[in-house]
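In: Could you look at this predicted model? Sequence included:
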Amino acid sequence: METVAVIFGGKSAEHDISIITAISTIIKPLELTKKYNVLPVYITKSGEWYCDSKLKDIYNYTKKDISETLKKIKPITLDLNNGLTLIKTSKFGKSERIKVDVAFPSMHGTYGEDGTLMGVLEMANVPFIGCDTAASAVAMNKVLSKKVAESSGISVVNYHDFTKAEYLANPEEVVKAVAKKLKYPLFIKPAHLGSSIGISKAKDEVELKNAIEVAAFYDDLILVEEEVKNLVEVTLPIIGNDKLTPAFLEKPLTQAEDFFDFDTKYLRNGKNSAKSGAKGSQGYSEVPAKLEKKLYDEAVNVGLSVYKAIGLSGISRVDMLIDSKTNKIYFNEVNPLPGGLYIHNWIKSGISNAEMVDKLIELAKEKFNAKASVNTKFTTSYLRQF
Amino acid sequence: MKKLINSLLVFYSLRFSKTITYMLQVSEYKPGKYFKWFWTTDDFSKVITRQQLVNTPRSKTIMSGINFGIAIEILAGLVLIVLGFLNKLVGGIYFGFAVIIAYPIIWSQLIGFFVFFARILIINPDEKKKISNSKDIFSKTKAKKIAVLGSYGKTSMKELLSSVLSRSLNVVATPGNMNVAISHARFAAKLTGNEDVVIIEYGEGAPGDIAKFALNTKPDIAVITGLSPAHLDEYKTLEAAAKDIFSISKFVDDKNIYVNLDSKETNKYITKTQNGYSSEGALGYKVSDVNNSLSGISFTLTKGDKKLKVKSKLIGRHQIAPLSLVATLALNLGMKKEDVEKGLSETTAYEHRMKPRDLNGATIIDDTYNGNLEGVRAGTKLLKEVDARRKIYVTPGLVDQGSMNKIVHNEMGELIADAKPDIVVLMKNSVTNFIKEGLHKGEYKGELIVEEDPLHFYNNLASFTASGDVVLMQNDWTDIYK
């Protein structure tokens, strides 16, 4: 039986969402397959790593303070030599080494989804689920991903970006530059955060300044975008490495003047909870999105093009904005580890949660084997000259 | 070792009396069943898993009795210890401790004997009296009394008869699966005398039961729904069960006995003067134009120039025979064709009996009350027939199969294999290997999952399925079975 380490939590604003994704949509389905020995690896908000079967129980996070459970467990250490090995130490000092066959990152946001964790796993030479370091880093940087998409001929909305340092050094200058380039209303976003954390809408200069301050609280790179008129938001979950499988194109059921902030996505089950539609991890949405076939197919193609342009692998979700009058499709952002794997959509598309985690492990191994076939050794006489 | 520690933690905690009372309740207060369960349990912390103790006057009395007895015993032990110390009697001190330590064993056994004697001295005489009174009520009623009996399909037949006949007649039927003599007696006490039809389900469990029920209820009509290995722990052989079921002919005229011929075994016992019904027709009516899907079944019944359109939300071809019988019997009882058709169209699957439900686009067919091989035959036939993205078959196996346990579960495995499900999920227990042997014999090629924790599987079913899947769940074991 292969050992799969599901890594979750972490030093991120999306720490709590990561726990739910890990326990309900990864660990439980993995166990249901009866194929894997599943290890829950929890990283605290301050960065300590723990591994214990108690960490699979959601009760320990929701009904109790997790720190109470952690007091009874010792943190683990990692051995990255020729694979990933977890070293657990018992209360009596006895250590146990557990070799990990596949790592399943379930971390949203910083230090996880942004490529940081993937770097560690690549160094350890262990197969892991999801995108590699470079693609994760691009995907999690809303500015960089737009630039990559633009360079591949994919439309994006007008935007402006700047660093927190630039803003703090000269706020008026930055606001003036934004006003010169873009038309209100605007959306202000921290460039690296997902789950809509820190996103605000601004209709004038005062709101813009406030919004920038909110975004700058979470990130050092800030993105300001123009609003899309006659907006239809759609999102496309995709799995695959070279051969891609899209799920259904999904339309969140929000009003044109609304946008999905954190509360809407995770705490209120969607603003229009009384309306019909699929209740997914992000509230109510229309799956598949009711668009005319040509537009639907075009949006799917844009999503697949973005996936390829950024070099994503394993699983991701591409968000797009459509002007319903002109039928123009804009790439908005990409999420290399969708919250809850967007499993509500995959289930509708005919892939169960248990099948999904199994497929993702297969994809991880496929990517790992393909990479292993690439030669990284090159012999030179460079050192002999010294 | 872990199991022993877990059990000791239960024995010496407040959970003890609850666990013992629960075991008695699930054993239907039958001391033999209870003792067997008690002495074959290796981990008492896992006893209450699938259900919970239901608070009834009887369970409350038993639990209070155990708690009171334990309190007295601990008190006696403490007195012995104190007296031992005061009188410097080491033996007395040891004996005191022994009395305290022994309370779980003493009370778990004593309570079984209390229940045994209470049954003989109080419950049985009381029930006997009620049953005797019911004889008079059943004799005096002017209603047509229909007895529904057989190894399977009784509750469904009863519900079907009830819902169709009640379109034009005043019909009452024994509730739920209350199908033994004392339930019949309680049911009789509620009859008003104004009923046109009284339907009584016979839940045979041991030789002689059918004669006992028939003597009390005096049926005019009998419907034998089928024969299959069931309750063989008591009957020992299928032949003995068949003999008991067909003993109804001593109490009902053969021309008023209707036998389901779709059940292979009944063909061996039906007499020429009894009436057969099957998926080919009933009472001279022939079945044609069958349309079967997960949303229901429809067909036409024809006899000469008489035609009846049958449409029901019940699923599976095995429903054709009972639907045909009920339709034609209703006509024979003087119901109008339109009323019969309307009544049939309103029939729908009963709880836990081939009842389909939607789970995020997957169809879950809940047949968890099915506990016999004929039900498995019907279910696997349906699974084989339907279109699905994936077909998933889930079962723990059947219970009370006595000496035929291995043969029945081997056949069950073969039936499952024949339906070619993509995944078979077996709940791990004493019959799992027999089903696996049958799957192997049937050259099953799909995925086999053996689940050790049924609750974990059922609770996470949504993670296991996706849109387009069809999951057939047949039977479910209570905590008493292992």
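Out: Received it, and whenever you're ready, just let me know what you need.

In: how about the residues of chain B near chain A?
Out: B:360-362, B:389, B:449-451, B:456-457, B:460, B:462-469 (C-beta under 8 Å from any C-beta of the partner chain). (C-beta placed from N, C-alpha, C; glycine too.)

In: For the residue of the stretch 101-250 of chain A found nearest chain B, which phi and psi angles does the backbone take?
Out: In the stretch 101-250 of chain A, the residue that lies nearest chain B is A:F248 (9.8 Å; C-beta to the nearest C-beta). The phi and psi values for A:F248, taken as degrees, to the nearest 10, are phi -80, psi 150.

In: count of neighbours near it?
Out: Other residues lying near A:F248 total 24 when counted by other C-beta atoms under 10 Å in any protein chain shown.

In: Return the subset of the residues of chain B next to chain A lying in strands.
Out: Counting by DSSP state E, the part of these found in strands is B:362, B:449-451.

In: Separate out the buried members of the residues you listed.
Out: For those, a burial check counting by 16 or more other C-beta atoms under 10 Å in any protein chain shown picks out B:362, B:449, B:451.

In: surely the first one meets B:S467?
Out: Same thing as B:A362. Yes - using C-beta atoms under 8 Å, B:A362 makes contact with B:S467 at a distance of 6.3 Å.

In: quick one: the strands in the stretch 201-350 of chain B?
Out: Ranges of strands in the stretch 201-350 of chain B, per DSSP state E, counting those that start in this stretch, are B:221-224, B:257-260, B:275-278, B:281-282, B:285-293, B:296-303, B:306-312.

In: Quick one: residues contacting A:K229.
Out: By C-beta atoms under 8 Å, 6 or more residues apart in numbering or on different chains, A:K229 lies in contact with A:323, A:325.

In: Let's see the pLDDT reported for it.
Out: With respect to pLDDT, A:K229 has a value of 91.

In: on that earlier part again, rebuild the ones in strands among the residues of chain B next to chain A as JSON lines, extending it with pLDDT.
Out: Listed next are those as JSON lines, based on pLDDT from 0 to 100:
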{"residue": "B:A362", "pLDDT": "94"}
{"residue": "B:I449", "pLDDT": "93"}
{"residue": "B:V450", "pLDDT": "93"}
{"residue": "B:E451", "pLDDT": "91"}
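
In: name the element the closest residue to chain B within the stretch 1-150 of chain A belongs to?
Out: Nearest to chain B in the stretch 1-150 of chain A, going by C-beta to the nearest C-beta, is A:P29, at a distance of 4.4 Å. Assessed by DSSP states H and E, A:P29 sits inside helix A:28-32.

In: Residues contacting the following helix or strand past that helix, please?
Out: Downstream of helix A:28-32, the first helix or strand assigned by DSSP H and E is strand A:36-43. Strand A:36-43 has contacts (C-beta under 8 Å, 6+ apart) with A:1-11, A:19, A:22-23, A:27, A:30-31, A:49-53, A:55-56, A:66, A:76, A:86, A:98, A:100, A:107, A:111, A:361.

In: so what's A:F331 bridging to?
Out: A:V156, A:M320 (DSSP bridges).

In: what are the ranges of the helices in the stretch 101-250 of chain A?
Out: All helices of the stretch 101-250 of chain A, identified by DSSP state H, counting those that start in this stretch, fall at A:116-124, A:133-139, A:142-151, A:164-169, A:171-181, A:205-218.
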